[in-house]
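Novice: 3D, please:
(6 chains)
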Number of protein chains: 6
Amino acid sequence: MSGFTHFDAEGKAVMVDVSDKAETERKATATGSIYMQPETLALILQGGVKKGDVLSVARLAGIMGAKRTPDLIPLCHPLALTSVKVELTADPARNAVDIEATCKLNGRTGVEMEALTAVSVAALTVYDMCKAVDRGMRIGDIRLIHKSGGKSGTYEAPGETG
Amino acid sequence: MSGFTHFDAEGKAVMVDVSDKAETERKATATGSIYMQPETLALILQGGVKKGDVLSVARLAGIMGAKRTPDLIPLCHPLALTSVKVELTADPARNAVDIEATCKLNGRTGVEMEALTAVSVAALTVYDMCKAVDRGMRIGDIRLIHKSGGKSGTYEAPGETG
Amino acid sequence: MSGFTHFDAEGKAVMVDVSDKAETERKATATGSIYMQPETLALILQGGVKKGDVLSVARLAGIMGAKRTPDLIPLCHPLALTSVKVELTADPARNAVDIEATCKLNGRTGVEMEALTAVSVAALTVYDMCKAVDRGMRIGDIRLIHKSGGKSGTYEAPGETG
Amino acid sequence: MSGFTHFDAEGKAVMVDVSDKAETERKATATGSIYMQPETLALILQGGVKKGDVLSVARLAGIMGAKRTPDLIPLCHPLALTSVKVELTADPARNAVDIEATCKLNGRTGVEMEALTAVSVAALTVYDMCKAVDRGMRIGDIRLIHKSGGKSGTYEAPGETG
Amino acid sequence: MSGFTHFDAEGKAVMVDVSDKAETERKATATGSIYMQPETLALILQGGVKKGDVLSVARLAGIMGAKRTPDLIPLCHPLALTSVKVELTADPARNAVDIEATCKLNGRTGVEMEALTAVSVAALTVYDMCKAVDRGMRIGDIRLIHKSGGKSGTYEAPGETG
Amino acid sequence: MSGFTHFDAEGKAVMVDVSDKAETERKATATGSIYMQPETLALILQGGVKKGDVLSVARLAGIMGAKRTPDLIPLCHPLALTSVKVELTADPARNAVDIEATCKLNGRTGVEMEALTAVSVAALTVYDMCKAVDRGMRIGDIRLIHKSGGKSGTYEAPGETG
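Specialist: This is a model prediction of the structure:
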């Protein structure tokens, strides 16, 4: 299965051996969105000045979710993340909440999965908190937009020049 | 914050009290997709006859992910799921892998979040296993398509009549 | 070691066998406090109108902590909690944040440990978030104030008549 | 929210970015106590020569609890602790069990929360094991008494000169 | 793959759907042994009167391990165990420590895996605690000796008539 | 309790302090087997060309299990493993599935327990997936066959010269 690093020569799933990789500063940023009814977004924004609002609960869940990545993704390495940052922004024009997560590590492997997991868990938490009023929400556009550090170098998603 | 069940009268986040709800058979189905380069999908399909292929690793990760839902989603109840089923299907016409997860419970609260979490974790696992060849994959269209059991009754996503 | 239920006749630690206990509605409330410098409490209160304030992060951590009780306390049973509620209140007169947690279960064993764990984790989280400005904070007065359900009946802490 | 490190400029909760901190030897010691009826303490001490006694179960729970800190405290970093030591000592004069925990790390962030969590989980475990005979126990005086390593230097709790 | 319940008609791994099974009292007992040098066993027995001895640490680890079964075994259901009991006995004649674990549940699926996991984790803990003096220990004879409850009825391992 | 490193001078269980150990490349390999009826092994082999077969599910569970070692074994350090590899091979001549796991770390402590845990969890998973057709399977011969790195140097199990 040439090209895939998570399989050995016989096609068996393996955790990639990173023992010989250098410890460098790794960074990854992922984004995603959750789309909803305008009324649902209005309710979220209405709560924005209160203590336990949807976006701050989801931000916290995203941060904690990043730490659970090796428990969730079978072939991910356990990592001592040095930074996790999660932002949620409401965009009323698109009836969406946009999520961006950035993770950092001084280590031997990248942190893309940690950033993507943070976005996913934050989006799921928004869904959970709003599902009583809107079961039709959709989570989408989850992708990596930036990655740096390590042998494979820097990656910028096409069109992410901002 | 009327309408939201995860906040009390003062706007503080709460786990909904389900003590007085009846134990009924709850079921939920969620779906989602991950979009990729045609070459990536071809590589996945090539591996399909081998032992450790991408889709079966992701299916397993999705099943295990459903069980971690209360650890990930702050206000979800811990549940004794009676069934988790995850399917992944390649759709070469759309350069996508489609994921469908169904969870069941005889209990006091719905299992939508468990089904949505299973789909998300399965999608993240596909990303993880293929990222060495395709960093531009996108996870999308994660949503609830069916829910039954409990006081709020049956929900079918619009357009899901099949 | 007569009197203790967590030891067998030979003094070996056991998880109490609750197979033959009836499923009843169990409820427990625990309280605790964290004491700090007046300036620290003022900073917490100042943040009270913002999105990610100390008390709401700690409330969420307490709710999630209750769910982790069987992972932390060796002889606790895994439980399907039906409700977890955590409140944090600042008391400037005592330079304290007071924490109260209530857990519920329809099950075979009490939920005192879940309530006490929620209080402890919420208090630790307040400490974590404020430790950069005040390392001398103290967590104290963690105790059970109410318990009901099950064969041992209702317990009210002395002096808790309000 | 100046002074707090766990909030960004907009008051949003963040995990502090420690990527640029130096790896140094970090050490922290925390203490706490659990107060009980004299009869309860007598029962604990009676069990002291047996295999599964209260204090050794609680010591083990404290050690394991320290390892769960990043799962419990939302904004704590996952750490590769190099040492965890937990001591429990009965003090019949005060009807108390005193707990002291010391954690060490060669890393980029302090281990105060790990030491405080170890003390808290050990105290909760004592409560759990004795609650059948004494529901009125109180956990208190949980605080940091020593911290060294890192840019903020050494901290000794006032009055801890021994 | 007829005969196996953990695969569907297409050979895909599934968590067995137990929604329609009756809630009955389930019980399972598993055993296993760890074999070592006579000197190692002598050291363990020497510690038997002390507080933190090998066998009681391993017993506790076994109890806690049983609770982690659904996190470890991919297709196991999350269960609310009502009882876990783990015994370790030294047998100097065979230079072995023998382990027996019994789990109980009022539920829809058996608890064999919980009992087998408890034995395995207890044995691994003995290995961990003694490995500095004896790296050649062997864990063996882990098997189910008794199972009752549920549609498949009672199972006794051949030769287990005691 | 001289000789044991997991006890202090008073016989209390401790996590060994590895703060002063050098970071070196650590490696450990463990093996084990699960013995079954010939018909059971035949069923496993029959599934070998399908997507979700027993051996690949067990391999994945073993890899994930290695990552959970510090959660399971009370006195194990949390580690950032750099490699986990698990192989399962059917041996029809012995009616056995043989399991071999190798773990690696650049760190301060050995990874024997991680390799042994991977083997144990993989074996338990084989049991779980086949138990509907064969309750009499036995897990055995779990042992360390190779260890290198660290002050104690290289260990080869006697007779492992291949």
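Novice: these two touch, right, residue A:131 and residue A:139?
Specialist: No: in this structure, residue A:131 is not within contact of residue A:139 by Cβ atoms under 8 Å, at 12.0 Å. Just so you know, the C-beta spots here come from the backbone N, C-alpha and C atoms, and that holds for glycine as well.
Novice: neighbour count: the two, which is higher?
Specialist: Higher neighbour count among residue A:131 and residue A:139: residue A:139, with 29 against 23, using other Cβ atoms under 10 Å in any protein chain shown.
Novice: what about residue A:102, which helix or strand?
Specialist: Applying DSSP states H and E as the criterion places residue A:102 in strand A:96-107.
Novice: what about that strand and chain D, any contact?
Specialist: Yes: Strand A:96-107 lies within reach of chain D by Cβ under 8 Å from any Cβ of the partner chain, at A:104-106.
Novice: of those residues, closest to residue D:22?
Specialist: Lowest distance from residue D:22 to those (Cβ to Cβ) belongs to residue A:106, with 10.8 Å.
Novice: leaving out chain neighbours, which residue sits closest to the closest one?
Specialist: Nearest residue to residue A:106 in three dimensions, chain neighbours excluded: residue A:25, at 5.5 Å (Cβ to Cβ, 6 or more residues apart in numbering or on different chains).
Novice: for that neighbour, what are phi and psi?
Specialist: Main-chain torsions, residue A:25, degrees, to the nearest 10: phi -80, psi 120.
Novice: mind checking pLDDT for the closest residue to chain F within chain A?
Specialist: Nearest residue of chain A to chain F: residue A:17, at 3.8 Å (Cβ to the nearest Cβ). According to the prediction, residue A:17 has pLDDT 93.
Novice: skip the chain neighbours and tell me the closest residue to it.
Specialist: Per Cβ to Cβ, 6+ apart, closest to residue A:17 is residue F:83, 3.8 Å.
Novice: ok so, going back, please report how far the residue nearest to residue A:106 lies from residue A:148.
Specialist: Distance, residue A:25 to residue A:148, by Cβ to Cβ, to the nearest Å: 8 Å.
Novice: look at these two and report which has more neighbours.
Specialist: Set residue A:25 next to residue A:148 and count neighbours by other Cβ under 10 Å: residue A:148 wins out with 17 against 14.
Novice: so which residues on chain A come close to chain D?
Specialist: Contacts of chain A with chain D, taken as Cβ under 8 Å from any Cβ, map to A:25, A:56, A:59-60, A:63-64, A:67-68, A:78-85, A:87, A:104-106.
Novice: the longest helix seen in chain A near chain B at all?
Specialist: In chain A, with assignment by DSSP state H, the single longest helix is helix A:112-130. Yes: judged by Cβ under 8 Å from any Cβ, helix A:112-130 comes into contact with chain B through A:112-113, A:116-117, A:120-121, A:123-125, A:127-130.
Novice: now the buried members of those.
Specialist: Neighbour counting with 16 or more other Cβ atoms under 10 Å in any protein chain shown marks A:112-113, A:116-117, A:120-121, A:123-125, A:127-130 as buried within the residues of helix A:112-130 next to chain B.
Novice: would you list the residues of helix A:112-130 next to chain B in TSV and tack on pLDDT and distance to residue F:6?
Specialist: Conversion of these to TSV gives the following (pLDDT from 0 to 100; distance: Cβ to Cβ, whole Å):
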residue	pLDDT	distance to residue F:6
A:112	97	38
A:113	98	34
A:116	98	39
A:117	98	34
A:120	98	39
A:121	98	36
A:123	98	43
A:124	98	40
A:125	97	40
A:127	97	45
A:128	96	42
A:129	94	45
A:130	94	49
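Novice: between those residues, which sits nearest chain C?
Specialist: Nearest to chain C among the residues of helix A:112-130 next to chain B, with distances taken as Cβ to the nearest Cβ, is residue A:125, at 10.3 Å.
Novice: distance check, the closest one against residue C:57.
Specialist: 14 Å.
Novice: what distance separates the strand holding residue A:102 from the middle of the whole chain?
Specialist: Here strand A:96-107 is found 6 Å from its chain centre; the criterion is Cα atoms, centre = their mean, to the nearest Å.
Novice: quick check: pLDDT value at residue A:20.
Specialist: 92.
Novice: ah, wrong one, I meant residue A:1
Specialist: So, for residue A:1, pLDDT stands at 45.
Novice: run the contact check for the helix or strand containing residue A:58 versus chain B.
Specialist: Element membership for residue A:58, per DSSP H and E: helix A:54-67. Yes: under the criterion of Cβ under 8 Å from any Cβ, chain B is reached by helix A:54-67 at A:54, A:57, A:60-61, A:64-65.
Novice: please pull out the lowest mean pLDDT helix or strand from chain A.
Specialist: Comparing every helix and strand of chain A by mean pLDDT, DSSP states H and E singles out helix A:38-46 as the least confident one, with a mean of 92.
Novice: next, the angle from that one to helix A:54-67.
Specialist: For helix A:38-46 against helix A:54-67, the angle by axes from the mean of the first three to the mean of the last three Cα atoms, to 10 degrees is 90 degrees.
Novice: below-threshold pLDDT in chain A: ranges please.
Specialist: A:1-2, A:48-52, A:160-162 (pLDDT under 70).
Novice: for it, what lies in contact range of chain E?
Specialist: Going by Cβ under 8 Å from any Cβ, the residues of chain A near chain E are residue A:71.
Novice: do that again at 6 Å, thanks
Specialist: Listed as neighbours of chain E in chain A under the rule Cβ under 6 Å from any Cβ of the partner chain: no residues.
Novice: most distant residue from the centre of chain A?
Specialist: Centroid-distance maximum for chain A: residue A:10 at 31.3 Å, with Cα atoms, centre = their mean.
Novice: list the contacts of that residue.
Specialist: Residues in contact with residue A:10 (Cβ atoms under 6 Å, 6 or more residues apart in numbering or on different chains): none are found.
Novice: and the residue of chain A nearest chain E?
Specialist: In chain A, no residue comes nearer to chain E than residue A:71, which is 7.8 Å away by Cβ to the nearest Cβ.
Novice: which residue packs closest to that residue, ignoring adjacent ones?
Specialist: Per Cβ to Cβ, 6+ apart, closest to residue A:71 is residue B:68, 6.8 Å.
Novice: how near is the one you found to residue A:61?
Specialist: Per Cβ to Cβ, residue B:68 is found 13 Å from residue A:61.
Novice: okay, the two: which has more neighbours?
Specialist: residue A:61 (27 against 20).
Novice: how about the contacts made by that one?
Specialist: Applying Cβ under 6 Å, 6+ apart to residue A:61 gives the contacts A:121-122, A:125, B:74.
Novice: buried residues in the helix holding residue A:58, which are they?
Specialist: A:54-67.
Novice: hang on, the earlier thing: how about the buried ones among the residues of helix A:112-130 next to chain B in JSON lines, adding distance to residue F:157?
Specialist: Formatted as JSON lines, those follow (distance: Cβ to Cβ, whole Å):
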{"residue": "A:112", "distance to residue F:157": "39"}
{"residue": "A:113", "distance to residue F:157": "36"}
{"residue": "A:116", "distance to residue F:157": "41"}
{"residue": "A:117", "distance to residue F:157": "39"}
{"residue": "A:120", "distance to residue F:157": "43"}
{"residue": "A:121", "distance to residue F:157": "43"}
{"residue": "A:123", "distance to residue F:157": "49"}
{"residue": "A:124", "distance to residue F:157": "46"}
{"residue": "A:125", "distance to residue F:157": "48"}
{"residue": "A:127", "distance to residue F:157": "51"}
{"residue": "A:128", "distance to residue F:157": "50"}
{"residue": "A:129", "distance to residue F:157": "54"}
{"residue": "A:130", "distance to residue F:157": "57"}
